[in-house]
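Undergrad: The sequence and its predicted three-dimensional model are supplied below.
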Amino acid sequence: MRGLNQREKRTMKFGVACAVAIIGFAIVTNHLGKWKAARSTTTEIVKTLDAINVKETERARLMSIVPVFEMPKKEEVQKFLFRDKFNEQLKKAGIKSEPLQILPASASKSPVAGYGLLRLKCSAKCRFGQALDLLADLKDNPYLAGIEEFKMECDQKKRQDVKLDITVSTFVKK
Amino acid sequence: MSNNTTEIGTVKSAIAIAKDGSRLKAVKLRKQNGLFEVLWTKSSEAGDLDWKAFELECSLAAESTEREKSSDGKMVVAGFDSAGVVFYRVDFPTVSEKEIAAMIKLQAESRLPLPAEQMQIAWRADQAQNGKVPVTIAAARKEQLLKFVENVRGFVPEKILLDCEAIVKTWRTFFSKDGRDAVVVSMTTKNTQVCLAQNGKLSNAVVLDTGTEDLSQATQDTLILRDPLLTDQTETIDRFVQDIRSVLELFGYAGPTDLPVFVLSDDSEAHEVVVSSLKSAGLNVRAAFPQIEKLDARTRLHPADIYEYRVPIGLALTAIDGDKDRLNIFEQLYLSPSEAKSKSRLDSTKAAFAVAAVMLVLLVIVAYAVDVAGTGAIEKRLEDAGLGSAIKQLTERQKLIKSVASQRPDLLDLLNQIHTSLLFSANLDFQTDLDKGTIPEELMQQFEENKAPLSQRATVSVEQAGTKWLITNRLKKYSIRKEGSRLKIYDTTANAGITLDKLDFKMGRPVSITAQTRNAEEMYKFQKSLLAIKGITDVKIQNPDMDKKTKKLKFTMNFHYKSFTQKKKGTSR
């Protein structure tokens, strides 16, 4: 059998090198994809853990602003829970309000994706101290998201009497 | 060492050159399938010890050597005359090689005839016996060794070996069938090397300045005289025998001993006389003749040639067998071409780049493995612990709480701050005194420092024990509140002249306050006090108007409160 000449040997070597390069490229590309996916997963996990594991001072700050919090429920449930609790707080402060007005949830106004913001409007006439008591109690409402609007107008004759308009909000699950 | 592997087995060859008496001798030896073949032998003229000339004669100039090496797979070795080497045989306790090396250094310093820095030593530890490790130490003058290196550098030898080690090697290979412990006597025209072999390795050697020339003369004298009384020994032979006895004593064999003494011989008359003289002196002596069984049949070499070239043959055998535990006295003085090449390879930029590339690839592989395996493991552990959904809920809850915190203004605090003015803050030390209804001296000093001195008639009332107090000083009222880890002192009458009519707060819009006061000065003072409150910025007075009926100045003030009154992106309110 005739042996390979130099040219044939060179061709063979080149062919083998190309084959190795192609296989190597395929393997490396595959592993690079896996690596990229693994790294993005790691980043997500780290972000998630960072979100949960807040620093002690930040946790204390959050606790002073939001001492109680209930996870939002669907609008049909949440609106009643929120209304009842707010009504209870009005009563506790001794404020007799006009009927509470529920403004339907709006997703566009919510800062958190997947949740809408439902608002509750209240108008009442009360004493200045009662309004302050209500403000002091509000943070104990576990459904309260924020105070959207607060308008207080003193009576020109009886300075301690005030006309109060307050709009509070709650998150509802979409 | 280079090897040529062929279809008939591994072929190794070596060229060895050594000084033997008054000549330089060279052989080329080849080993194939356990058989040796002497390819050629060369010898310089008697008295001609010019290494450089001999290199040329043997075609061993550096260029040709390199060329030959690449094609032939052979190496070149040089033999160093052991006449200038002194040997010591010392027993050490069974300790590590590092400790032996340290002990040898100490021993060498005490035993060597010259300062340690002028000497070069090499050592070899044999097998431990009875808790002791016998060590052979060879020492020579550094200057002498360097001179030799200069002599042989021309043909770039792969190794430089001691010729006495070569003699023991040749004796074991070609002169003895199973010898391991013996004294080997190798005679040249000018001198005699006496080597002690233990376990087949050189353990001591001495060079006597009596050679075959001296002994041939003595032999001839004895033959001419033919006198039975005088044929026993001539003076030279006598002295030689005495020298051999002294050497044996030096080797540690003082009394009668069974240790065989082999005189390497070419069956010459001088050797016969030496052997018989030593025998008569009561030594276990015998002549050792070259055996050619181990030589390839194609080698047309006479046993006398093996004797003649015993030193270079021994050198070549040592090189071919690759004896690692030889006494390498040139270790620190001469770098062989292959060692230099491997060293230069390691030192080269290419090698550095190659190592860096390999490390980089390893780094990538390790990073990949850690990332892929680590992430997988974390996910699996979270899943196994059933925390996947819990973490999701926790994250969502945390996100919502943060969002709530960002849109829940503390309007009560804002109202308090509008009505009052923060005077200063103090530590909690005064709580107990305040609860008792007394104003501590230190607190009074702090009031004074803050330009609000209290009179001796100032009183304190407890509004809420431990948290809220009220100090009344004439017309002024100061509220003290515990806020966090501090006591905050507010001047509740700072804005006393201001009557608040209306407060309007709406997310994303400036806070608006409508109030009335007696004059513009109080209004400006109120504006200043608002600006002093942390979180309140951009306080603007709008529509100031004096009511003619009440004679009060009505005004509206707009300001921003923290981030609540700033327009937020993405949300419309």
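TA: Thanks, I have the structure now. Residues are numbered from 1 along each chain as shown, chains lettered A, B, ... in the order given.
Undergrad: Hmm, B:Leu428 and B:Thr485 touching each other?
TA: Careful, residue B:485 is Ser and not Thr. Yes. Counting by Cβ atoms under 8 Å, B:Ser485 touches B:Leu428, with 6.7 Å between them. C-beta here means a position set from N, CA and C on the backbone, and glycine is covered the same way.
Undergrad: Between the two, point out the one with more neighbours.
TA: Using other Cβ atoms under 10 Å in any protein chain shown as the criterion, B:Ser485 and B:Leu428 rank with B:Leu428 on top: 12 against 8.
Undergrad: Enumerate the positions of stretch B:547-556 that are buried.
TA: B:Lys552, B:Leu553, B:Lys554, B:Phe555, B:Thr556 (16 or more other Cβ atoms under 10 Å in any protein chain shown).
Undergrad: Kindly report the same for stretch B:27-46.
TA: For stretch B:27-46, by 16+ other Cβ under 10 Å, it's B:27-32, B:36-38, B:41-44.
Undergrad: and what of stretch A:124-133?
TA: Under the neighbour-count criterion of 16+ other Cβ under 10 Å, stretch A:124-133 has A:Ala124, A:Cys126, A:Arg127, A:Phe128, A:Gln130, A:Ala131, A:Leu132, A:Asp133 buried.
Undergrad: Need these in JSON lines (columns: secondary structure and pLDDT).
TA: Compiled in JSON lines, the buried residues of stretch A:124-133 are given as follows (DSSP: H, G, I helix; E, B strand; the rest coil; pLDDT from 0 to 100):
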{"residue": "A:Ala124", "secondary structure": "strand", "pLDDT": "95"}
{"residue": "A:Cys126", "secondary structure": "strand", "pLDDT": "93"}
{"residue": "A:Arg127", "secondary structure": "strand", "pLDDT": "90"}
{"residue": "A:Phe128", "secondary structure": "helix", "pLDDT": "84"}
{"residue": "A:Gln130", "secondary structure": "helix", "pLDDT": "89"}
{"residue": "A:Ala131", "secondary structure": "helix", "pLDDT": "90"}
{"residue": "A:Leu132", "secondary structure": "helix", "pLDDT": "84"}
{"residue": "A:Asp133", "secondary structure": "helix", "pLDDT": "85"}
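Undergrad: contacting residues for A:Ile52?
TA: By Cβ atoms under 8 Å, 6 or more residues apart in numbering or on different chains, the contact set of A:Ile52 is B:Ile391, B:Leu394, B:Thr395, B:Gln398.
Undergrad: Cross those against strands and list the overlap.
TA: If you go by DSSP state E, the contacts of A:Ile52 have nothing in strands.
Undergrad: Neighbour-wise, give me the winner out of those residues.
TA: Counting by other Cβ under 10 Å, top hit in these: B:Gln398 with 18 neighbours.
Undergrad: shouldn't that residue be in contact with A:Glu58?
TA: No. Judged on Cβ under 8 Å, B:Gln398 makes no contact with A:Glu58 at a distance of 10.5 Å.
Undergrad: In chain A, which residue sits nearest chain B?
TA: Nearest residue of chain A to chain B: A:Gly146, at 3.6 Å (Cβ to the nearest Cβ).
Undergrad: And that residue, how far from A:Gln101?
TA: When distance is defined by Cβ to Cβ, to the nearest Å, A:Gly146 is 17 Å away from A:Gln101.
Undergrad: between the two, who's got more neighbours?
TA: A:Gly146 (22 against 12).
Undergrad: Quick check on that one: phi, psi?
TA: Backbone torsions of A:Gly146, given as degrees, to the nearest 10, read phi -160, psi 170.
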